[in-house]
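> dropping the sequence and predicted coords here.
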Amino acid sequence: ETCDKCSLGFYQPSKGQTACDSECAAGYVASNDMTKCDGCDVGKAASGTASTRSNECTNCTVGRHQDEEAQSTCDACTNNQVAIREGMSNCYDCPAGSHAHSSE
């Protein structure tokens, strides 16, 4: 017999098991050793189910942010604030001499 690594998004914290039945919830991904789930860092999110995501937390896209860990979505900037690059944890006011531009 051999030992098979858990499938992406699943984990097994105990030794001697025959399956990896525990699925990481949205906002979490399996640790590198597949023994637990780790929450996504700020500025990132992991949505969907373990079987539909790649076990990676993805950066929030431009115009969106996430200031909390272990979240499944990124929030849109509001009140004329901007997130000018991917992976931002907060939105900011444009500096004096500039203004927010919406591409929508």
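Received, thanks.

> give me the phi and psi for D4.
D4 adopts backbone torsions of phi -100, psi 140, taken as degrees, to the nearest 10.

> which stretches of the protein have low pLDDT?
50-51, 53, 102-104 (pLDDT under 70).

> shouldn't A30 be in contact with G9?
Yes. Look at A30 against G9 with Cβ atoms under 8 Å: they come within range, at 5.9 Å. For glycine as for every other residue, the C-beta is placed from the backbone atoms N, C-alpha and C.

> is the most centrally placed residue in the chain bridged to anything, and to what?
Per Cα atoms, centre = their mean, the C-alpha nearest to the average position across the chain is that of A45, at 2.2 Å. A45 has these beta-bridge partners by DSSP bridges: T58.

> who's in contact with D67?
42, 89-90 (Cβ atoms under 8 Å, 6 or more residues apart in numbering).

> of these, buried ones?
For those, a neighbour count by 16 or more other Cβ atoms under 10 Å gives the buried set as 42, 89.

> K36 versus the residue nearest to the centre of the chain, what's the distance?
If you measure A45 against K36 using Cβ to Cβ, to the nearest Å, the figure is 19 Å.

> pretty sure D41 contacts E68?
No. With contacts counted by Cβ under 8 Å, D41 stays clear of E68, the gap being 10.0 Å.

> okay, the two: which has more neighbours?
Neighbours of D41 and E68, each counted by other Cβ atoms under 10 Å, are more numerous for D41; the result is 15 against 12.

> could you report the neighbour count for Q17?
Applying other Cβ under 10 Å, I find that Q17 has 11 neighbouring residues.

> tell me the secondary structure at it.
In terms of secondary structure, Q17 is coil; the call rests on DSSP: H, G, I helix; E, B strand; the rest coil.

> right, and G63 touches D75 too?
No. Using Cβ under 8 Å, G63 is not in contact with D75, being 10.1 Å away.

> got any residues that touch both of these two?
Residues touching both G63 and D75 do not exist when contact is defined as Cβ under 8 Å, 6+ apart.

> higher neighbour count, the two?
Applying other Cβ under 10 Å to G63 and D75 shows that G63 carries more neighbours, namely 19 against 15.
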